[in-house]
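Colleague: I would like the atomic coordinates for the input below:
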Amino acid sequence: QVQLVESGGGLVQAGGSLRLSCAASGRAFSRLAMGWFRQAPGKEREFVATLDWSGGIRTYADSVKGRFTISRDNAKNTMYLQMNSLKPEDTGVYSCAAAERAYAGAAPKNYNYWGQGTQVTVSS
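Modeller: Presented below is the predicted three-dimensional model:
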């Protein structure tokens with residue numbers, strides 16, 4: 001079993017930055033693929049970014065490429081999402097997810113564990 005706890009969300013003006021963290025416990029973090037997803041009010045959950053268990057393979061949604069950076073620190077059992085040049089359409093609940101595989105990709109069904117989420121609100 002894996003427990004995931006997100007932090008770092010908040011209210012920011014358009015053009016600003018936030019850094020989200022996802023702390024994992026309960027299983028060897030270095031053996032988990034990790035990802036970020038988000039859900040806006042009234043919309044379905046959408047993929048944001050993912051990386052493999054070493055951090056060497058990173059994939060982003062087109063909507064965040066060039067603005068967001070996903071990373072991980074296996075020594076700290078933590079994954080990060082650096083979000084720059086934020087837009088109002090980035091508003092939503094951001095959740096981290098973990099998969100018991102080397103790489104999980106963009107499909108939510110590939111992930112075994114989910115955090116509760118952290119709210120990100122970008123004002124215009």
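Colleague: which residues does the spatially most central residue of the chain form a beta bridge with?
Modeller: In the chain, the C-alpha closest to the average C-alpha coordinate belongs to residue 36, at a distance of 2.3 Å (C-alpha atoms, centre = their mean). Listed by DSSP bridges, the beta-bridge partners for residue 36 are residue 49, residue 96.
Colleague: From residue 124, how far out is it?
Modeller: According to C-beta to C-beta, to the nearest Å, residue 36 stands 23 Å off from residue 124. In short, each C-beta sits where N, CA and C put it, glycine included.
Colleague: With residue 42 instead?
Modeller: Using C-beta to C-beta, one gets 18 Å for the distance from residue 42 to residue 124.
Colleague: The two: which has the busier surroundings?
Modeller: Set side by side, residue 42 and residue 124 show unequal neighbour counts under other C-beta atoms under 10 Å, the larger going to residue 124 at 9 against 5.
Colleague: Could you give the number of residues near the spatially closest residue to the more buried one that is not a sequence neighbour?
Modeller: Residue nearest to residue 124 in three dimensions, not counting chain neighbours: residue 88, with 4.7 Å by C-beta to C-beta, 6 or more residues apart in numbering. Residue crowding around residue 88 was assessed by other C-beta under 10 Å; the count is 11.
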